[in-house]
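Trainee: Fold the stuff below for me.
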Amino acid sequence: MSNKTVIDGILKHVLKEIKPSNKEYKDTIVKINLIISSLKEIVPKDVEITVTGSVSRGTNLKGNSDIDIFLLFKTGTTKDYLERVGLKYGKALVKNKSDSYEIKYAEHPYVRVFLKSLNIKADIVPALKIQSAEQLATAVDRTPLHTTFINEKLKEKQKDEVRLLKYFLKNHFLYGAETKTSGFSGYLCEVLIYNFGTFLNVLKWGSALSDKIIISPGNNETLNHNELIKKFNSEFIIVDPIDKERNVAAVLSKESISRFILISRKFLESPSLDYFYGMKYSDTKLKSYLKTFIQKSELDLFYLITKVPDKSEEIIWPQLKKSSTIIEEYLKKNEFEVYTSLQFITNGNGVIAILAPKQEKKSRLFKGPETNNKKGTEQFMQSHSKSLGFTFIDSRIYSLDYVYYKNILEALNAIKKNKQLSLHKDIDLSNAKISKNNFSSKIDNELAYELMKKFYI
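Mentor: So this is what the prediction gives:
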């Protein structure tokens, strides 16, 4: 049996599993109409109410019928008015005690409502009504244009191809444009299917990716690659079909691109339903995975756990990541080897986990200048006057000194006391709890999940 026959069978099977049923579709439409009816009682007639997102484009996955409703204000409306009034209209949907809302953030704030009484969750987003990308004031304004473009360009069968691509990427931890994932957005998936036609063609393209990728879907003009690389400051560019000033793939990290290349290659070479669905896991399996990983790798696991404010993950996580980077750099500066670090937020805590080989030392060599540099050598020896001694490697002098920190745990506790290393307003390392190889049931599953994503192909 050929790979193509096997793949065709897999894709037919998966599509039946992931495509919303007619009942789910009708139920979603009923919910959308209920919200629109409620908004019409609140919103002035000169503000257009429109549905966007994957539901309106027919590319949503089964069980993921998220409702995105845009309130389109006339061009020229100030950003301040847009935010203030748009939030007011969104909040006004919450009328019962069982209902609630959250303020979420894109380029400007919007409202996510939870109407428990109607079993509805929806995002209410204020934006400007524009006819082309040249008129946009914020990135949010172009979303309705994306919806129009996809509905005009994609055939019904291609929308199913988008579903397959989304689901495949999701199973391999690559779906989502949020900073933490740095993966493929829903719109990028749609643009890729528009450009390549099918899910299989996208994977064939992915499996053969080179260093520089520049695509302008639907554009027949000859592209000046050097100009685009300079313009977008990137070598992985997929120009937005409705906005030539935007790289749809800008959020993709190099790690995500590398992983995409490998999973595309692996599926095409050895197609299987199990690989399409990705790694299956449960709470029990996660606990076992974490302990087995640490035992087999013989690495040390360090935790820093600190309270974080009740703000959007899109605000907190980048600060947590930056703090983690600062810690890694500090450890490496002090001659400690770090394999990887992981960051996540759980139960009001920000967690930084560090995996490193076991290291314990009392001294280290400090590199000095070439010995023919008389002044430099004298200054080096003076500054290391309390060293255990000096030695030479080729023509360079070295000093053997006691280390500041005997192990990573000592260094982490020093970081905790060093306020200069706590650079972010929402991450307070001075109050962090630090531990080594101390498994905690409260965060073990989260850590195991992040670890699995990090090392999984």
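
Trainee: Now for residue 23, how many residues are close by?
Mentor: Using other CB atoms under 10 Å, residue 23 has 8 neighbouring residues. The way it works is simple: take the backbone N, C-alpha and C, and place the C-beta from them, glycine included.

Trainee: Next: the one 3 residues further on.
Mentor: The burial metric for residue 26, expressed as a neighbour count using other CB under 10 Å, is 11.

Trainee: Over to the one 10 residues further on?
Mentor: Look at residue 36: counted by other CB under 10 Å, it has 15 neighbours.

Trainee: do residue 48 as well
Mentor: With other CB under 10 Å as criterion, residue 48 counts 14.

Trainee: Show the pLDDT at it.
Mentor: With respect to pLDDT, residue 48 has a value of 96.

Trainee: if I look at residue 345, how far off is residue 309?
Mentor: Applying CB to CB, to the nearest Å, the value for residue 345 to residue 309 is 11 Å.

Trainee: Give me the more crowded residue out of these two.
Mentor: Legend: neighbour count by other CB under 10 Å for residue 345 and residue 309, higher for residue 345 (16 against 12).

Trainee: Sticking with that one, tell me its helix or strand.
Mentor: strand 340-346 (DSSP states H and E).

Trainee: What of residue 379?
Mentor: Going by DSSP H and E, residue 379 is part of helix 374-383.

Trainee: residues of the helix or strand following that helix that come out buried?
Mentor: Heading C-terminal from helix 374-383, the first helix or strand you meet, by DSSP H and E, is strand 389-393. For strand 389-393, burial by neighbour count (16 or more other CB atoms under 10 Å) applies to residue 390.

Trainee: continuing past strand 389-393, what's the next helix or strand?
Mentor: Moving toward the C-terminus from strand 389-393, the next element (DSSP H and E) is strand 396-402.

Trainee: other SSEs contacting the strand holding residue 345?
Mentor: helix 313-333, strand 349-357, helix 444-455 (3 or more CB pairs under 8 Å, 6 or more residues apart in numbering; DSSP states H and E).

Trainee: Next, the angle from that strand to helix 313-333.
Mentor: 150 degrees (axes from the mean of the first three to the mean of the last three CA atoms, to 10 degrees).

Trainee: Mind listing residues that contact strand 340-346?
Mentor: Strand 340-346 is touched from outside by 180, 308, 313, 316-317, 320-321, 324-325, 327-328, 350-355, 442-443, 446-447, 450-451, 454, with contacts defined as CB atoms under 8 Å, 6 or more residues apart in numbering.

Trainee: of those, buried ones?
Mentor: Counted by 16+ other CB under 10 Å, these give 180, 308, 316-317, 320-321, 324, 327-328, 350-355, 443, 446-447, 450-451 as buried.

Trainee: can you redo the helices and strands packed on strand 340-346 as TSV with distance to residue 173 and mean pLDDT?
Mentor: Shown next, in TSV, are those (distance: least, CB to CB, whole Å; pLDDT from 0 to 100):
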stretch	distance to residue 173	mean pLDDT
helix 313-333	15	91
strand 349-357	17	95
helix 444-455	4	88
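
Trainee: List the beta-bridge partners for the nearest residue to residue 437 once chain neighbours are set aside.
Mentor: Distance criterion CB to CB, 6 or more residues apart in numbering; nearest residue to residue 437, sequence neighbours excluded, is residue 301 at 5.4 Å. Taking DSSP bridges as the rule, residue 301 bridges to residue 355.

Trainee: so residue 301 makes contact with residue 294?
Mentor: Yes - if you go by CB atoms under 8 Å, residue 301 and residue 294 touch, sitting 5.7 Å apart.

Trainee: what touches both of those two?
Mentor: The contact sets of residue 301 and residue 294 overlap at residue 437 (CB under 8 Å, 6+ apart).

Trainee: More neighbours: these two, which one.
Mentor: residue 301 (20 against 16).

Trainee: Quick one: residues contacting the more buried one.
Mentor: The contact partners of residue 301, taken as CB under 8 Å, 6+ apart, are 294, 353, 354, 355, 436, 437.

Trainee: Pull the most distant pair out of those.
Mentor: Greatest spatial distance among the contacts of residue 301 (CB to CB): 294 and 354, at 12.5 Å.

Trainee: Give the buried residues for stretch 302-309.
Mentor: 302, 303, 304, 305, 306, 308.

Trainee: Any figure for the gap between residue 110 and residue 101?
Mentor: Taking CB to CB, one finds residue 110 at 10 Å from residue 101.

Trainee: any common contacting residues for the two?
Mentor: residue 90.

Trainee: Leaving aside the residues adjacent along the chain, what's closest to residue 102?
Mentor: residue 112 (4.7 Å).

Trainee: didn't residue 190 look like it was pressed against residue 56?
Mentor: No - if you go by CB under 8 Å, residue 190 and residue 56 don't touch, sitting 11.8 Å apart.
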